[in-house]
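Q: next comes the sequence, and after it the predicted model I'd like to discuss.
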Amino acid sequence: MTDTLHAAARSFCADSPIAYLLELVDQHGDSPSEEEQRQDAEMAAAHHVYGVYGVSLAQVVGADDWQGYPAVTDEGTRHWEASAVAWLDGGLWLHHTLLITEADGAANVLTLIVPCTCGRGYIDIRLETEEHLMEVLSDFRPTAGLSPHDERDPDDCTSITAEPHSRTVDAWR
Ligand SMILES: [Zn+2]
């Protein structure tokens, strides 16, 4: 902001639309508190699940089941948006956050976190649709909710993301 802009005389009434909007921007300028970020994260997660997973997750994961966490900036270098997690029992979790990019705006990122049968780690699977969730779960039914350890790719259960094995996807279809 330059001094010229600051010095500009106000040319609208105090109760005009633009006055209201500028006031809104002022309030919005304050970064939301951690509590507000938590609540927003919980609401965004619940909203996404109700909207996309209506016959599955929405039946068992209610709005109150989400625990929100504020955004984290790691020494100013990396930034994680606020997120929320929901406990599914058996070592499984859901994790939800928003991926914010200039091109796409805010995109929902819902991840299923599943313990590996080897006991050393977890598999993270980014869920795309309800059908995709069903495909993923069919993979874990024989192992009662654990992700079968992949001997050919022992690092799989410590990686950040993993796609479901294509053979299972084919079998489900
Ligand atoms: Zn493993």
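A: Yep, it's here. Numbers count the residues shown, from 1 in each chain.
Q: so where do the helices sit in the chain?
A: All helices of the chain, identified by DSSP state H, fall at 3-7, 17-29, 34-52, 57-60, 130-140, 166-172.
Q: between those, which one is closest to the ion.
A: Among the helices of the chain, the nearest to the ion by Cβ to the ion is helix 130-140 (13.0 Å). Using the backbone N, CA and C atoms, a C-beta is placed for each residue, glycine as well.
Q: off-centre distance for the closest one?
A: Distance of helix 130-140 from its chain centroid, counting by Cα atoms, centre = their mean, to the nearest Å, is 18 Å.
Q: same check on stretch 73-81?
A: On Cα atoms, centre = their mean, the centre of stretch 73-81 falls 16 Å from the chain's centre.
Q: contact partners of that stretch?
A: Contacts to stretch 73-81, defined as Cβ atoms under 8 Å, 6 or more residues apart in numbering, come from residues 71-72, 97-100.
Q: now do residue 146 against residue 55, distance only.
A: Relative to residue 55, residue 146 is positioned 24 Å away (Cβ to Cβ, to the nearest Å).
Q: the two: which is more packed in?
A: Comparing residue 146 with residue 55 by other Cβ atoms under 10 Å, the one with more neighbours is residue 146, at 18 against 8.
Q: alright, I will stop here.
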